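> A predicted structure for the sequence below; I have some questions about it.
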Amino acid sequence: MKHIDIYTDGSCRYNPGPGGWGAVLVYKGIEKELCGGEANTTNNRMELTAVIKALQALKESCDITLTSDSKYVIDGIVNGWAESWRANNWRKSDRSQALNPDLWEILLDEIKKHQITYVWVKGHAGHPYNERCDKMAQNESSKYMDDTTNI
């Protein structure tokens, strides 16, 4: 099974507002960048989208080390929260509605295809790939800024 290192980050200005995401996939020293954005979104949606798009780019099941600065994504998976939310019709333990069920549904299906080790890193702390993904996400969110958006 191929081993892939995946690094992801999401960004949103004003939250909600213009957002972007970035991902770097590394296989045997070869790097592939993926990025995109949306005009009106949230930071957590961009964090989820980065991971989804990175996993969807893979053509076969892989052994993956996934590194993200998103506690929302990492804890949602590792602690089993997202699976519990899905099992409870997208309700959290306090019975409130879980956010982003559309993206969590896709992500939970994608992660089943792979063997994944999850690594959380502190954002904006100098991790080279995290900083690179953050820059890509910021650049993508900038594409949706206009003269009426406060900078």
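Right, received. Where do you want to start?

> how many other residues sit next to K122?
Look at K122: counted by other Cβ atoms under 10 Å, it has 10 neighbours. Using the backbone N, CA and C atoms, a C-beta is placed for each residue, glycine as well.

> What separation do you get for N43 and L25?
According to Cβ to Cβ, to the nearest Å, N43 and L25 sit 22 Å apart.

> can you give me the helices in the protein?
Taking DSSP state H as the test, the helices found in the chain are 43-56, 71-78, 81-87, 101-111, 128-142.

> what's the second one in contact with?
Here helix 71-78 makes contact (Cβ atoms under 8 Å, 6 or more residues apart in numbering) with 8, 44, 47-48, 51, 68, 81-82, 104, 107, 111, 118-120.

> For that helix, give the mean pLDDT please.
Mean pLDDT, helix 71-78: 98.

> Measure how that helix sits relative to helix 43-56, angle-wise.
If you take axes from the mean of the first three to the mean of the last three Cα atoms, to 10 degrees, helix 71-78 sits at 50 degrees to helix 43-56.

> and stretch 104-117, how far apart are its ends?
Criterion Cα to Cα, to the nearest Å; first-to-last residue distance in stretch 104-117 is 18 Å.

> just stretch 75-91 next, same as before
OK, stretch 75-91 end separation, Cα to Cα: 16 Å.

> about what we covered before: any chance of the contacts of helix 71-78 in CSV with pLDDT and distance to I30 as columns?
Shown next, in CSV, are the contacts of helix 71-78 (pLDDT from 0 to 100; distance: Cβ to Cβ, whole Å):
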residue, pLDDT, distance to I30
T8, 98, 18
N44, 98, 30
E47, 98, 25
L48, 98, 25
V51, 98, 20
S68, 98, 21
W81, 97, 34
A82, 98, 31
W104, 98, 30
L107, 98, 25
I111, 98, 23
Y118, 98, 23
V119, 98, 20
W120, 98, 25
